[in-house]
Structure formats: C-alpha cells, structure tokens
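Q: Using only what follows, build the 3D model:
(2 chains)
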Protein chains: 2
Amino acid sequence: MSKLAEEVLNKNISSVAKLVRKVEDEDNDVYKDLKFLYPYTGNAYILGVTGLPGSGKSTIINLLIKHYRSLGKTVGVIAVDPSSPISNGSILGDRIRMLEHSVDEDVFIKSLATRGWYGGLSKTTSRIINILDAMGKDVILLETVGVGQAEVSVMNFSHTTVIVLVPEMGDYIQTIKAGVLEIGDIFIINKIDKSEPNELSQNLGALIHHENEGPQDWRKRIILTSALNSVGFDELINAIDDHREFFLKYKKEKYLKNRANNELKDEIYGYFLDFVIKKFDNDKSFEEIVNSIAKKKADPYSSSLQIIKNLKIKK
Amino acid sequence: MSKLAEEVLNKNISSVAKLVRKVEDEDNDVYKDLKFLYPYTGNAYILGVTGLPGSGKSTIINLLIKHYRSLGKTVGVIAVDPSSPISNGSILGDRIRMLEHSVDEDVFIKSLATRGWYGGLSKTTSRIINILDAMGKDVILLETVGVGQAEVSVMNFSHTTVIVLVPEMGDYIQTIKAGVLEIGDIFIINKIDKSEPNELSQNLGALIHHENEGPQDWRKRIILTSALNSVGFDELINAIDDHREFFLKYKKEKYLKNRANNELKDEIYGYFLDFVIKKFDNDKSFEEIVNSIAKKKADPYSSSLQIIKNLKIKK
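A: Numbering: from 1, shown residues only, chains lettered A, B, ... in the order given. A predicted model of the protein is given here:
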C-alpha cells in the first residue's frame, strides 16, 4: 500500500509531481509507490518526437498537445534534455512552453535533465512514463533531441516515433542515418516555407525505400510541414493514427515483452550502479587503488577484477 | 606477458588494429593485453573535438592531423559515432576521410559505433585511448557529435576540448548551453565565410563571461574560423597550445585521478553489465518473470529486488 500512489491514481497533480521528484531524486523507497502503480499502466499511447534543436520540434509538440486536448484526451509530456549532464536542472525553454498549457490541469509537462552516470536516463524515463500512464494520461509525448545514444534508447519506449527534420539537415541525415532511420516511423520535413524540401525528401525516400514488405511491416512515411502555419498537420495526424492502429494490431505484444525486459534489466542495472557508487565513493581503500592507477602503479583491469572477486557474487 | 601487447608497443599497425578489434568485440581475454600496456600510457596529448554534423568538424580534424604531422608528431583519431546504436558498423564518411591520411603509417584512424547498452561507449573509448597512448601516439584526436550524454561523458577523457559551432547554431547554443559550455575550453565559430558570426559570438561570449577567475581557471576562448580556407587556424593552434600548457600546469594531476576513478568504475560497471546480460539472456526463469511483467501480473521493481537478493552480493 502506498498513500502517495493512491493519490496519483486519483489524479492529484501535486502528488504526481511529488512522486516524479522522488524518482528523479532516486529515493530508496520509491519502488513501493511504483510497484503499487504498475498494474494500472499499459493504457497510455506513447508518442515519441525527436529532432535536433532548430527543427521546430517544440512547435509540433505544441500542436500535438492542442490536437489531443481538442479531442478531450489528457496529455503528459516528458522532455528528455541531454544538454545538462553537468549542471542538471530545469530548462528555461520548457518553462516558457509550459505557460500556454499551464492553466490546463490535464496537461502535465516534465523536463528531465540527464544526470549522474549514463544509463540512469532510461530507467528514470521509464519510471516517469509509468507514473503518467497509471494516473490515466491518454497520450504521453516523449520528446528527445535526436542524436545521442542514450536519447535513441529512450525512444524505444514510444509506440510511434516521429523524427523532425528541416531541409537544411541533409548533412545530418548522411551522418546519422543508421540508427535514427531505423527508429523512425514517420519523418517530418518541417519549415518548408523557409527552404526547398525536395532534395532531403528524395534522399530520405531513397534511404527508407520499401522492399517486399508484408502486412506486419510498417511503411515509413515522409510528411512535409510548416508547423508554424499548421501546413501538413492533418496529414501528420492521419499518419500517427494509422501507425497507432498498426502498432495495436501487429506490434503491441512484442513491445510489451521488450519493454518489460528493459524495465527489469534497467532496474537491476540501476541497483548495481548505485551499489558501485555508494560502495566506493567514500571508501578509503578504493581511493588508494585509484591513486595507484593514476600513478600507473596499478591498472584498472586487474584492479577491477580483484574488486569483483572480493564481492563474491553468486552466479 | 602478452605477445600482442608487445607488438603494439613495437608500433605494429596490424597488431594495434587486432587489439582494438578485441576491445570492440568485448573479448574476455583482452584485459591481459590492456593490463600489460597500462604502465606505458599517460604520455599522449588527448584533444577532443565536438560539434554537430554540418559544423565542419571533419575539416578541422583534417587540418589538425596535417598540423601535428608537419611537426613530426604521430596522430591517432578516435571518431565516436553515436548514429549507429542499432545497425552498428563502420561509417562511409570515415572511410572517405581516411583516404587522405591512409598512406601515412603514423596516422591511425578508428571510428567507434556505439553498440549494446549505454555505458559501453565510455569503457571502450577509454580502452582504445590507452592502446593508442601506449603505442606511442603523440596526439590523440577524440571526435564526437556534441549532443548526447554518452558523447559528453566521452569528452571527459580529453585534456583540451574544442567545440565547433557555425553561426546558424544560435538555437543550439540556447538549448544545449549548460553541459556543452562547461566542457568546452575553446569554441570555434566556423564557416564565417558563409554567415555573419557576430550574433552567436556575442551570445556565446555573454554565456562564458569570466568573473574573479584565478590563475588556476582557464579563460574559455572563442575563435572565428573558415576551416576550408584555413582562416583562423593559426589562432586555433595557439589557443590549443596555451590550453595544453595550462592543463599540464594546473589540471593534469586532478585529471589523472578522475580518469583512474572513471576507468576503474567503468570496468566494474562493465563487468556487472556483462553479468546481467549473460546471466539473464538465456535464462528461462528470467523469461517467465519478463512475461509476467508484460502481462502486469508482476512488476519490474519487486522482481528486480528479488533477483538481486538471490545474487547474494557481499556488501
């Protein structure tokens, strides 16, 4: 039993904010709340939107919020911000964006700075998705900056992934194609009022060409938009709705297993991480080993093996 | 003793390539070679260059290679490519860039796709730096795409970090400022032949303004370049040389300790990661737990705690 979790199920916004903060603070007891909420998850539609700064991603997110709100759906937004690995904290940009929707109780916006060691991002994002899912959000928008590995791994949580590009990003497509092309279900070429999209559209089309695809393979789509003027937005919504239908029909079962596998591994992994950090950060003998390594009197490879041996993990 | 490591010390290129491949393949025995090489590390100058695709980063890397080669220095290049988390493999772009220097035995270029779980990137990069360092490379250029958290964490290995921007990237600076500004020692605004750099230069200048800085604080510099025409390149080299001197005087000792700490933790962490993956990937009972979680009959939080309890790690 968890009083906080019950309040979350009752859609109490300040309790949601409190629980999200507990997750971010890596509170030791948070697993009790999360455990209580877990059976209530699995109903939200998770829509990922990724793109470089300057692609107009935020404008598109805003249009999506308005669209889902106009249908009476409740919306959660998780903005994963990879820019703050050192000075973590909230982002001014998000505060500004929030203003428009902050009077709307049915829109919950959370920006996540990535802190500490890598890996934490995936666990934290997954946990917060589950909180918003359990509290009954119909749609969760997962926003990331589409370059880094950690950010791409977060996109594995979305049911539908939208990649936002602008015509000038031909170079980006060349460099980035492998990973990002594979995770994208729908590609937006935005800001077509500013530049000619044909070249990027053709190059992108060639990269995502379809061969012998069966009914269980989604045909990736390219949509030209000018989000500031809502041009192409209806087509985007159609594509998202089509992909959602496709997801529910062909992908959901596999997604749920993958997600469960990742959640479980992230939790185990997170435990080891905490264990390593807590065990060694204030450990004098560990500090001595570090000093020897810094002086090249020891090496990290033998030292780590010795430390692991001393931990005596049951295999 | 390690024959392969001895050959690396003798600058045998094919042995270096072989050992690097062993690191990438996560060969279980590679620690023996790395351990042997470790006492020979610590002499290379590690220069990090980070920037978004389209910033002209590759042109700058090429100029730096030529510069150090003209001084008779040997050069290693490690290009960390975050674009391939899924379909890992080598990058065409790098093969093309390599051609120019591939006839030069004293330039070793390696591109690293990030694969598997997050976290591996840091360990792998650190290990390859050590191989190139031990084999006697005078300068190691560490190239990353500057956005993601994993990529920023890799930049912690460099002695001097150069961030490459172009005038159009004002938006990028706004979004990304916290983390990237902190890790940057020198900022290049490149392609000034194409666009007016003043606005970005002023904004950037305001963000990195200096207050009451003592002799042990580096004053971050902004350099305007047009790398294609080598404009501003002498000034860049001066700034790099100044920072290197500063690093050796004030930062080296702290760097060595931090680096040793990170190496040791990355190795321990990597062990746990392997352990989790190997232990559970073909484990029937683990699969059953995953299936229960997918059906919301179990939750990842209690299940992970139970699994960890069963491992009986000695605290």
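Q: tell me which residues of the longest helix belonging to chain A are tucked away?
A: Longest helix in chain A, counting residues (DSSP state H): helix A:252-281. Of all the residues in helix A:252-281, those buried under the rule 16 or more other CB atoms under 10 Å in any protein chain shown are A:255-257, A:259-273, A:275-276, A:280. No exception for glycine: its C-beta is placed from N, CA and C like everyone else's.
Q: what packs against it?
A: With contacts defined as 3 or more CB pairs under 8 Å, 6 or more residues apart in numbering or on different chains; DSSP states H and E, the packing partners of helix A:252-281 are helix A:120-134, helix B:252-281, helix B:284-294, helix B:300-311.
Q: which residue ranges form the helices in chain A?
A: According to DSSP H, the helices that chain A contains are A:3-9, A:13-24, A:30-37, A:57-70, A:92-102, A:120-134, A:149-155, A:170-183, A:198-207, A:233-246, A:252-281, A:284-294, A:300-311.
Q: Can you tell me which of the ones you listed is packed in deepest?
A: Stretch with highest mean neighbour count among the helices of chain A: helix A:149-155 (a mean of 27; mean count of other CB atoms under 10 Å in any protein chain shown).
Q: Give me the below-cutoff pLDDT ranges for chain A.
A: Scanning chain A for pLDDT under 70 picks out the ranges A:81-104, A:113-119, A:146-151, A:170-180, A:211-212, A:314-315.
Q: Kindly report the domain assignment for it.
A: If you go by automatic domain parsing, the domain ranges for chain A are A:1-40, A:42-254.
Q: who are the neighbours in contact with residue A:194?
A: Applying CB atoms under 8 Å, 6 or more residues apart in numbering or on different chains to residue A:194 gives the contacts A:166, A:167.
Q: What's the separation between it and residue A:29?
A: Between residue A:194 and residue A:29 the computed distance is 50 Å (CB to CB, to the nearest Å).
Q: Next, the distance between the ends of stretch A:205-214.
A: 19 Å (CA to CA, to the nearest Å).
Q: buried sites along that stretch?
A: Buried residues in stretch A:205-214 (16+ other CB under 10 Å): residue A:208.
Q: So what's the gap between it and the chain middle?
A: In terms of CA atoms, centre = their mean, to the nearest Å, the centre of stretch A:205-214 is found 26 Å from the chain centre.
Q: now do stretch A:182-195
A: Offset of stretch A:182-195 from its chain centre (CA atoms, centre = their mean): 19 Å.
Q: In it, which residues are buried?
A: Going by neighbour count (16+ other CB under 10 Å), the buried part of stretch A:182-195 is A:183, A:184, A:185, A:186, A:187, A:188, A:189, A:190, A:191, A:192.
Q: ok, now which ones touch the residue nearest to the spatial centre of chain A?
A: Centroid-nearest residue in chain A: residue A:154, 3.7 Å away (criterion: CA atoms, centre = their mean). Each residue near residue A:154 by CB under 8 Å, 6+ apart is listed here: A:48, A:80, A:121, A:122, A:125, A:142, A:144.
Q: Residue B:220: which of the helices of chain A is closest?
A: Taking CB to CB, helix A:92-102 is the member of the helices of chain A nearest to residue B:220, at 21.2 Å.
Q: and the gap between the most far-flung residue of chain A relative to its centre and residue A:187?
A: Most distant from the centre of chain A: residue A:297, at 42.1 Å, with distances by CA atoms, centre = their mean. The gap separating residue A:297 from residue A:187 is 53 Å, by CB to CB.
Q: Over to residue A:292?
A: 52 Å.
Q: same deal with residue A:123?
A: 29 Å.
Q: And residue A:38, by the same measure?
A: Per CB to CB, residue A:38 is found 34 Å from residue A:187.
Q: repeat for residue A:298
A: In terms of CB to CB, residue A:298 sits 50 Å off from residue A:187.
Q: and if you look at residue A:287?
A: Per CB to CB, residue A:287 is found 50 Å from residue A:187.
Q: got it, and residue A:248?
A: As for residue A:248, its distance to residue A:187 is 21 Å (criterion: CB to CB).
Q: Kindly report the same for residue A:217.
A: For residue A:217, the distance to residue A:187 equals 16 Å [CB to CB].
Q: again, but for residue A:293
A: Distance of residue A:293 to residue A:187, given as CB to CB: 46 Å.
Q: what do you get for residue A:228?
A: 19 Å.
Q: Residue A:71 too?
A: Distance, residue A:71 to residue A:187, by CB to CB: 24 Å.
Q: same question, residue A:221
A: Residue A:221 is 7 Å from residue A:187, by CB to CB.
Q: same question, residue A:302
A: Going from residue A:302 to residue A:187 by CB to CB gives 48 Å.
Q: Same check on residue A:42?
A: Residue A:42 sits 28 Å away from residue A:187, going by CB to CB.
Q: Could you pull up the residues touching residue A:304?
A: Per CB under 8 Å, 6+ apart, neighbours of residue A:304: B:264, B:267, B:268, B:271.
Q: show me the contacts for the second one.
A: Yep, that's residue B:267 we're talking about. A:300, A:301, A:303, A:304, A:305, B:123.
Q: 7 Å instead, please
A: Residues in contact with residue B:267, defined by CB atoms under 7 Å, 6 or more residues apart in numbering or on different chains, are A:300, A:301, A:304, B:123.
Q: repeat for the last one
A: With contact taken as CB under 7 Å, 6+ apart, residue B:271 is in contact with A:304, A:308.
Q: can you check the first one too?
A: Contact criterion CB under 7 Å, 6+ apart gives A:289, A:290, A:293, A:300, A:303, A:304 as the residues in contact with residue B:264.
Q: Mind telling me the two of those farthest from one another?
A: Greatest spacing in the contacts of residue B:264, by CB to CB: A:290 and A:304 (11.4 Å).
Q: wouldn't residue A:37 be in contact with residue A:7 here?
A: No. Using CB atoms under 7 Å, residue A:37 is not in contact with residue A:7, being 10.9 Å away.
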